[in-house]
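Engineer: fold the following for me, if possible:
(4 chains)
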Protein chains: 2
Amino acid sequence: MGKLSMTRDMLKPIAIYALVLAGGAFVLQWLEYKYLARAFAPEIYIALIALGFTALGVWVGHRLTPKTVAPAFERNLAALKSLGVTDRELGVLELLAAGRSNKEIARSLEISPNTVKTHIANLFAKLEVERRTQAVQKARELSIVP
Amino acid sequence: MGKLSMTRDMLKPIAIYALVLAGGAFVLQWLEYKYLARAFAPEIYIALIALGFTALGVWVGHRLTPKTVAPAFERNLAALKSLGVTDRELGVLELLAAGRSNKEIARSLEISPNTVKTHIANLFAKLEVERRTQAVQKARELSIVP
DNA sequence: GGCCGTTTCACCCTTTCGTACGATATCCAA
DNA sequence: TTGGATATCGTACGAAAGGGTGAAACGGCC
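Structural biologist: Numbers count the residues shown, from 1 in each chain, chains lettered A, B, ... in the order given. This next block holds a predicted model:
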């Protein structure tokens, strides 16, 4: 359910829209009532008012809806499992995607650089790539890393 | 200006909402008219109708606004300029971000691998990085590449 | 003409990366 | 207890990548 979640910076435009609509409401109502009240039955007239302001509201609601949805990265655990990527390899992959060198990754994880190379080689095989830049790209596509 | 751009898959929900609102309009109008018409002046009554349906419209408009905005990558030309990244360097950067090797980039652009290395070295200096994975990361942050 | 930015290329050297082996240790389930 | 998955580390070698420097060619601009 897409709730109308209010944020502080939405209040100002809302107030502006509210004022515009309130003002417009009275003007339209008073002016058009004079001409339409006699031409249509009250039910028809009110229905027109309702539809008109509904349309206006749709537009306003559309404008108020934030365009940029929060990133909200969710790791694709299914992909990880189907590829057979282990926890340790995932840890290496994250540092890899962060632009770290093998030596830095080794220091971070407190393991030998040789072990890092082993993990990365296994990752390459599982991701079906042969370069670390490609590995990062593919991992991103698969939502394994942000 | 955020236009209410219509897409084919928005038409069905719109039709549903329209029917709901139209039906609700007549019911509400007929029922409440009986009770409120005598309690308030017509102007007040109509204003209430207008405000109520505006609120309803706002909610509908909010619901109709697509949550997931299209990717719509827009290159940050300002960043490119402020960093002094040239057109050629940008071309190299794109292939770099695609996971290509220097040799592949050279073939794609029909230039010498040495030239590619020069461009990449210049890119590293301008992006203030020292590894291609970091360059890709930074370029992405700056919206230079998707 | 002379200057500047851009693009191109070359050479040398060091470091990093990637690959291909093998090896050991642990843990857990069959 | 045997086997498989995982994690660890090693060696060795070739391939990329990266750093430093220099330079030629081109076009635009003053």
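Engineer: show me which residues of the helix or strand containing residue A:116 are buried.
Structural biologist: Residue A:116 is part of helix A:113-127 when elements are defined by DSSP states H and E. Within helix A:113-127, the residues that qualify as buried are A:116, A:119-120, A:122-124, A:126-127, counting by 16 or more other CB atoms under 10 Å in any protein chain shown. Bear in mind the C-beta positions are built from the backbone N, C-alpha and C, glycine included.
Engineer: do it and DNA strand C meet?
Structural biologist: Yes: using CB under 7 Å from any atom of the strand, helix A:113-127 reaches DNA strand C at A:114, A:117-118, A:120-121, A:124.
Engineer: re earlier: out of the buried residues of helix A:113-127, who's nearest DNA strand D?
Structural biologist: Taking CB to the nearest atom of the strand as the measure, residue A:119 is the one of the buried residues of helix A:113-127 closest to DNA strand D, at 6.2 Å.
Engineer: not including adjacent chain positions, what is the nearest residue to whichever residue of chain A sits closest to chain B?
Structural biologist: Relative to chain B, the nearest point of chain A is residue A:57 (2.0 Å; CB to the nearest CB). Once flanking residues are discounted, residue A:57 sits nearest to residue B:57: 2.0 Å by CB to CB, 6 or more residues apart in numbering or on different chains.
Engineer: that neighbour contacts residue A:51, correct?
Structural biologist: No: in this structure residue B:57 lies outside contact range of residue A:51 using CB atoms under 8 Å: 9.3 Å.
Engineer: what is the helix holding residue A:116 packed up against?
Structural biologist: Judged by 3 or more CB pairs under 8 Å, 6 or more residues apart in numbering or on different chains; DSSP states H and E, the packing partners of helix A:113-127 are helix A:87-97, helix A:102-109, helix A:132-141.
Engineer: how about TSV for the ones you listed, with mean neighbour count, mean pLDDT and distance to residue B:145 added?
Structural biologist: Formatted as TSV, the helices and strands packed on helix A:113-127 follow (neighbours: other CB atoms under 10 Å in any protein chain shown; pLDDT from 0 to 100; distance: least, CB to CB, whole Å):
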stretch	mean neighbour count	mean pLDDT	distance to residue B:145
helix A:87-97	18	97	15
helix A:102-109	16	97	23
helix A:132-141	20	96	11
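Engineer: quick one: closest of those to residue A:76.
Structural biologist: With CB to CB as the criterion, residue A:76 lies closest to helix A:132-141 of these, at 9.6 Å.
Engineer: and that closest one, what does it pack against?
Structural biologist: Looks like helix A:132-141 contacts helix A:87-97, helix A:113-127, helix B:87-97, helix B:132-141 (3+ CB pairs under 8 Å, 6+ apart).
Engineer: near DNA strand D, which residues of chain A?
Structural biologist: Close to DNA strand D, as judged by CB under 7 Å from any atom of the strand, chain A has residues A:84, A:86-89, A:109, A:111-112, A:114-115, A:117-119, A:131.
Engineer: repeat the analysis, applying 6 Å as the threshold.
Structural biologist: By CB under 6 Å from any atom of the strand, the residues of chain A that approach DNA strand D are A:84, A:86-89, A:111-112, A:114-115, A:118, A:131.
Engineer: so which of these is the closest to DNA strand C?
Structural biologist: residue A:131 (4.4 Å).
Engineer: quick check, pLDDT for the closest residue to that closest one other than its chain neighbours.
Structural biologist: Spatial nearest neighbour of residue A:131, excluding adjacent residues (CB to CB, 6+ apart): residue B:99 at 5.8 Å. Looking at residue B:99, its pLDDT reads 96.
Engineer: and what of residue A:69?
Structural biologist: pLDDT for residue A:69: 62.
Engineer: residue A:58 too?
Structural biologist: With respect to pLDDT, residue A:58 scores 75.
Engineer: give me the element the residue nearest to it when sequence neighbours are not counted is part of.
Structural biologist: Closest residue to residue A:58 apart from its sequence neighbours, by CB to CB, 6+ apart: residue B:61 at 3.7 Å. Element membership for residue B:61 (DSSP H and E) is helix B:42-64.
Engineer: make JSON lines out of the helices and strands packed on helix A:113-127 and add distance to residue B:93.
Structural biologist: Listed next are the helices and strands packed on helix A:113-127 as JSON lines, based on distance: least, CB to CB, whole Å:
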{"stretch": "helix A:87-97", "distance to residue B:93": "18"}
{"stretch": "helix A:102-109", "distance to residue B:93": "23"}
{"stretch": "helix A:132-141", "distance to residue B:93": "12"}
